[in-house]
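Visitor: Just a sequence and a predicted model for now, questions to come.
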Amino acid sequence: MTKTKFPIVISTFLTLLNDRLGESIVFPLLPFLLANFQTDGRTLGLLAGSYALAQFAATPLIGALSDRFGRKPVIASCVTGSIIGLGLFALTISLKWPPESFLPLILLFSARLIDGISGGTAATASAVLADISPPEQRAKAFGLIGVAFGFGFILGPFLGGKLAQQSVTLPVWVATGFALVNLAVVLKFLPETHPKESRISIPQKRKLNPFTKIKRIMLNPHVGKLSLAFFLFFLAFNGFTAILVLFFKEKLNWGPELSTTAFLIVGIVATFVQGGLIGPLVKKFKERKLTLFGLGLVIIGAIIIALTKEGQSSTSIFIAVGILAFGTGLVTPCLRSLVSRKLDTEGQGTALGSLQALQSLGSFIGPALAGLSYDILGKSSPFIGASIVVMIVIPLVSRETHKTVSPD
């Protein structure tokens, strides 16, 4: 790494880490942070999913803005939005509000939406890495994304659990402080990596509409079923994940420390699988078999959680979330690869961008449905329901063929 690239890489790494850290610190603590405002599953599901909804709507525009105006101003603006969103959330949960007041919930949803709208830092930071890397070294450079995300998924729950022992609101303030540090580093050390002569105009509104991408890939006869499988998987997985800590809190009587420990296990296992294990496994077993095996693991993990009762050993839950993390660590990259391999080279960017849009949409709809199910059908119902949805995914994947085709 040259001296000129070092500040760019550090700034990019902190930006990617901040993108995951803010979410992984706050998410496992949401039911405890909402305890003084609203405790039902519907509110939690909508609050958890609102971030994904905002990100779903805003990410295409953020990417276009970085191509038009440069990477640095877009990253700085997004990190500033993260500071505002996290700061507003931290301030809202720290203040005492009159009973039955709706204002704190409005502020909390606003904070999550602001944070989600400004959550396009990962895509723009990836563009920075592409700007400074020759084509033959980009795969290696993009490995930094996985390292930052994996570290964020591990560090977030760990810090959240430790800090919550002092005060349940302290982790959110720390996340806000980290975002401030991130902004300072970006403003001080990150140069502009996208030269003016390479900038392009902002595309038409139709091209920035995420539903346009979704429609195109879902109607593609060659990858439509696999894309539906991808959407349903993330709808199911993110649905019961959003409600998981509320289940821990209300059914198992867990506190913040045990809940964040469960998510710490998820981060460690997922990082291990996607960081080093997935390559050798794909070479030996191929993507289709690994996807089906991973789906089976997700079903097993969800059922174990659904059947767990208060007073039972926490070990069974930790094993269950480890199984879930292992299964998801297999499914996510392998299912992406199955779609990618069925398209020719020209269809890659569009297809993978469309899958990201499907993932974000599922990450909103899933938590909303899981929260509604939790309140109406019972505390274990989101996990049983998710298992049923994943069972629907299995035949969609099992019929996959390996023929490569044009995206149109």
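Guide: Looks like it arrived, so ask away. Numbers count the residues shown, from 1 in each chain.

Visitor: Show me what the helix-or-strand element of the chain with minimal mean pLDDT is packed up against.
Guide: Every helix and strand in the chain was compared by mean pLDDT, DSSP states H and E; the lowest is helix 205-208, with a mean of 71. If you count contacts as 3 or more Cβ pairs under 8 Å, 6 or more residues apart in numbering; DSSP states H and E, helix 205-208 packs onto helix 41-69. All C-beta atoms are positioned from the backbone trio N, CA, C, and that covers glycine.

Visitor: and if we set it to 10 Å?
Guide: helix 41-69, helix 210-218 (3 or more Cβ pairs under 10 Å, 6 or more residues apart in numbering; DSSP states H and E).

Visitor: Deepest in the core, which of these is it.
Guide: Highest mean neighbour count among these (mean count of other Cβ atoms under 10 Å): helix 41-69, with a mean of 22.

Visitor: roughly how far is that helix from the heart of the chain?
Guide: In terms of Cα atoms, centre = their mean, to the nearest Å, the centre of helix 41-69 is set 11 Å apart from its chain centre.

Visitor: And the least confident helix or strand of the chain, what's buried?
Guide: Neighbour-count burial for helix 205-208 flags residue 208 (criterion: 16 or more other Cβ atoms under 10 Å).

Visitor: contacts for it?
Guide: 57-64, 202, 212-213 (Cβ atoms under 10 Å, 6 or more residues apart in numbering).

Visitor: Can I get the helices and strands packed on helix 205-208 in JSON lines including mean pLDDT?
Guide: Output for those, formatted as JSON lines (pLDDT from 0 to 100):
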{"stretch": "helix 41-69", "mean pLDDT": "85"}
{"stretch": "helix 210-218", "mean pLDDT": "81"}
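
Visitor: got those as TSV, with distance to residue 239 columns?
Guide: Listed next are those as TSV, based on distance: least, Cβ to Cβ, whole Å:
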stretch	distance to residue 239
helix 41-69	8
helix 210-218	18
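
Visitor: Would you mind saying which of those lies nearest residue 268?
Guide: helix 41-69 (21.9 Å; Cβ to Cβ).

Visitor: okay, the angle between that closest one and helix 210-218?
Guide: If you take axes from the mean of the first three to the mean of the last three Cα atoms, to 10 degrees, helix 41-69 sits at 90 degrees to helix 210-218.

Visitor: What are the boundaries of the helices in the stretch 251-400 of the chain?
Guide: Taking DSSP state H, counting those that start in this stretch as the criterion, the stretch 251-400 of the chain contains helices spanning 256-272, 278-285, 287-307, 314-341, 348-377, 381-398.

Visitor: how about the CA coordinates for the last one, as PDB?
Guide: It refers to helix 381-398. C-alpha atoms of helix 381-398 as PDB (Å, rounded to 0.1, in the frame of the first residue of the first chain):
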ATOM      1  CA  SER A 381     -45.100 -17.300  15.700                       C
ATOM      2  CA  PRO A 382     -42.500 -15.200  13.800                       C
ATOM      3  CA  PHE A 383     -40.000 -18.000  14.000                       C
ATOM      4  CA  ILE A 384     -42.500 -20.700  12.900                       C
ATOM      5  CA  GLY A 385     -43.700 -18.400  10.100                       C
ATOM      6  CA  ALA A 386     -40.200 -17.700   9.000                       C
ATOM      7  CA  SER A 387     -39.500 -21.500   8.900                       C
ATOM      8  CA  ILE A 388     -42.500 -22.000   6.600                       C
ATOM      9  CA  VAL A 389     -41.300 -19.200   4.300                       C
ATOM     10  CA  VAL A 390     -37.800 -20.700   4.100                       C
ATOM     11  CA  MET A 391     -39.400 -24.000   3.200                       C
ATOM     12  CA  ILE A 392     -41.000 -22.300   0.200                       C
ATOM     13  CA  VAL A 393     -37.600 -21.000  -0.800                       C
ATOM     14  CA  ILE A 394     -36.100 -24.500  -1.000                       C
ATOM     15  CA  PRO A 395     -37.900 -25.700  -4.100                       C
ATOM     16  CA  LEU A 396     -37.300 -22.400  -5.800                       C
ATOM     17  CA  VAL A 397     -33.500 -23.000  -5.400                       C
ATOM     18  CA  SER A 398     -33.500 -26.800  -5.900                       C
END
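
Visitor: residues of that helix that come out buried?
Guide: 381-387, 389-390, 393, 396-397.

Visitor: just to revisit the earlier point, quick one: which of the helices of the stretch 251-400 of the chain is nearest residue 47?
Guide: Evaluated over the helices of the stretch 251-400 of the chain, closeness to residue 47 peaks at helix 348-377, with 8.3 Å, by Cβ to Cβ.

Visitor: hmm, which two among the buried residues of helix 381-398 are most spread apart?
Guide: Greatest spatial distance in these: 381 and 397, 24.7 Å, computed using Cβ to Cβ.

Visitor: on that earlier part again, next, format the contacts of helix 205-208 as TSV and append distance to residue 248.
Guide: Listed next are those as TSV, based on distance: Cβ to Cβ, whole Å:
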residue	distance to residue 248
57	31
58	31
59	30
60	35
61	36
62	34
63	36
64	40
202	44
212	39
213	36
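
Visitor: tell me which of those is nearest to residue 285?
Guide: Of all the contacts of helix 205-208, residue 285 sits closest to residue 213, with 30.5 Å by Cβ to Cβ.

Visitor: Quickly note the distance from the closest one to residue 283.
Guide: 31 Å (Cβ to Cβ, to the nearest Å).

Visitor: Residue 239 against residue 388, yeah?
Guide: No. With contact defined as Cβ atoms under 10 Å, residue 239 does not reach residue 388; the gap is 11.5 Å.

Visitor: Domain-wise, how is this protein divided?
Guide: For the chain, the structural domains run 1-190, 206-408, going by automatic domain parsing.

Visitor: Can you lay out those domains as a markdown table showing distance to residue 198?
Guide: Below are those laid out as a markdown table (distance: least, Cβ to Cβ, whole Å):
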| stretch | distance to residue 198 |
| --- | --- |
| domain 1-190 | 8 |
| domain 206-408 | 17 |
